[in-house]
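Colleague: Sequence unavailable; structure follows:
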């Protein structure tokens, strides 16, 4: 079964200049608003950050995609 997650209408990308914050903000949305540790763990599970909490190539790709769709209403399938 697939789960659909829709961006809240008040969701805003933190900064186009801070890809890590963009990815962690998106991951926080997926986690249902978990604490910071849970958000980083989930981002690592998806392969978006490494064990040091830095973006991986996949995380960089996600950050670019998030910046490209900024200002649109999105539904993500996870």
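Modeller: Perfect, thanks for sending it. These numbers come from a predicted model, not from an experiment.

Colleague: okay, CA-based contacts and neighbour counts for the rest of this
Modeller: Noted.

Colleague: so where do the strands sit in the protein?
Modeller: Remark: strands assigned in the chain by DSSP state E are 4-6, 75-77.

Colleague: hey, least reliable of those by pLDDT?
Modeller: When the strands of the chain are ranked by mean pLDDT, strand 4-6 comes last with a mean of 49.

Colleague: Just give the nearest non-adjacent residue to residue 51, would you?
Modeller: residue 44 (7.0 Å; C-alpha to C-alpha, 6 or more residues apart in numbering).

Colleague: Let me know the pLDDT of that neighbour.
Modeller: 97.

Colleague: What is the neighbour count of it?
Modeller: Residue 44 is flanked by 20 other residues according to other C-alpha atoms under 10 Å.

Colleague: So it versus residue 29, what's the distance?
Modeller: The gap separating residue 44 from residue 29 is 15 Å, by C-alpha to C-alpha, to the nearest Å.
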